Each structure stands twice: as structure tokens, then as C-alpha cells.
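Enquirer: Mind folding the following:
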Amino acid sequence: MNKNKKRSVLIVDDEQPNVRILTKILDTGAYDVAVCNSGKECMAYLQDHQPDLILMDVMLGDELGTNLLIQIKKIKKLENTIIILISGIKITSDDFIFGFEIGADDYIRRPFKGDELLARIEAIFRLKNAMGKNRPEAFNELKHSNTAYTAEIFEQIGLKKGHLKTFQQLVEQYSE
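Expert: Numbering: from 1, shown residues only. Predicted coordinates for the structure are as follows:
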């Protein structure tokens with residue numbers, strides 16, 4: 001990537017204090033920031049835009065960020081867009097595992113430090129650049145092995161039936 005070109009970032013959050021914090025953190029000169037305050041607004045925005053990164057709250061007013069993530073991952077032109085989930089509520093190991101299994105590139109717990117968020121973002125961009133155009137194939141291979149491993153762990157710990165059913169449906173959907 002050209003070092004002079006700003007990366008485009010979409011913040012998807014319905015809480016204005018969170019939007020202000022994220023916008024202030026990203027005010028480094030390296031990012032062009034856009035904001036959507038709902039899932040519906042986000043999907044409308046993505047019809048005409050292809051951000052490099054989406055920072056998405058898990059608990060949106062009109063839908064779960066995880067549901068939105070699944071919708072976004074189905075859009076071919078956005079397959080290389082980095083998506084980071086952020087939450088101060090959905091922060092259990094199961095929440096993190098679910099987020100990663102459905103395609104999140106990272107999952108960050110609130111509260112967080114601004115410099116840590118920026119470091120994570122830059123680390124993901126470095127990884128993406130290092131993998132180049134082979135990123136989808138490499139991630140599919142990694143996702144397949146992680147999915148099988150996670151399914152095995154879920155079975156061993158006897159996850160709640162509702163979670164297991166949802167997980168099995170996602171495994172079938174993303175294993176094709």
C-alpha cells in the first residue's frame with residue numbers, strides 16, 4: 001500500500017460516546033473515517049463504498065453486530081475488508097470464539113487503550129499485506145482447521161444446545 005494513501009475506516013456504533021472515542025483515536029492522519037449508527041445504515045453505506053476496515057460494535061440498536069458481520073462476509077467485493085468487533089458486554093470466551101468463527105479479524109473488549117487499538121489495527125494490516133492476494137485462500141485453510149478444532153472442543157465441553165446448533169449451522173455454511 002502507498003504510505004501516503006489514507007486507509008478508509010467505517011465505524012459502526014449506535015452510541016455517540018463510543019463513536020467520539022474511536023474517531024479521536026483514529027485521528028492520526030492515516031485514516032479516512034466514516035460513521036454509521038445502525039446496521040441498516042451500514043448496509044446502505046456498503047452498497048457504494050468499500051472500506052479497508054470496519055470497526056463494529058457487537059450490540060447495535062437495530063441488530064447484533066455479529067449478524068451484520070455475517071451479512072457483510074457474503075458480499076464478494078468486501079471479502080478482503082478487515083472487520084474488528086468491539087464490545088463491553090459480549091466479552092465471554094464463547095462470544096470471542098463465535099465472533100472469530102463467523103469471520104471477525106479481531107475482537108476487542110471495552111474498555112481498551114487507544115494505542116493498543118491502533119497497534120492491533122496496524123498488525124492486521126501488516127498481516128494482510130504480507131499475505132497479499134493469497135489472503136482468502138490462506139484464511140479459508142486456517143478457518144477450516146480452526147472450525148474443526150473448535151467444533152471438537154465444543155463437543156467435549158458440552159456447549160448449550162442452542163449455541164451448538166447455531167455453531168453447527170455456521171460450520172455447514174462456511175465449510176462449503
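Enquirer: and K74, backbone torsions?
Expert: Taking degrees, to the nearest 10, you get phi -80, psi -10 for the backbone angles of K74.
Enquirer: Now do the same contact list for it.
Expert: Contacts were defined as C-beta atoms under 8 Å, 6 or more residues apart in numbering; by that measure K74 touches no other residue. All C-beta atoms are positioned from the backbone trio N, CA, C, and that covers glycine.
Enquirer: Could you report the pLDDT at it?
Expert: K74 carries a pLDDT value of 93.
Enquirer: Checking N129 next. Helix, strand or coil?
Expert: With DSSP: H, G, I helix; E, B strand; the rest coil as the basis, the three-state label of N129 is helix.
Enquirer: Please report how far it lies from I83.
Expert: When distances are taken as C-beta to C-beta, to the nearest Å, N129 and I83 turn out to be 17 Å apart.
Enquirer: Can you pick out the residue with more neighbours from those two?
Expert: With neighbours defined as other C-beta atoms under 10 Å, N129 and I83 compare such that I83 has more, 25 against 10.
Enquirer: So that one: helix, strand or coil?
Expert: Under three-state DSSP, the three-state class of I83 is strand.
Enquirer: For it, which residues are in contact?
Expert: With contacts defined as C-beta under 8 Å, 6+ apart, I83 is in contact with 53-54, 56, 69, 72-73, 103-105.
Enquirer: Separate out the buried members of these.
Expert: Buried subset of the contacts of I83 (neighbour count, 16 or more other C-beta atoms under 10 Å): 53-54, 56, 69, 72-73, 103-105.
Enquirer: low-scoring stretches of the chain, by residue?
Expert: With pLDDT under 70 as the threshold, the chain has low-confidence stretches at 1-4, 132-176.
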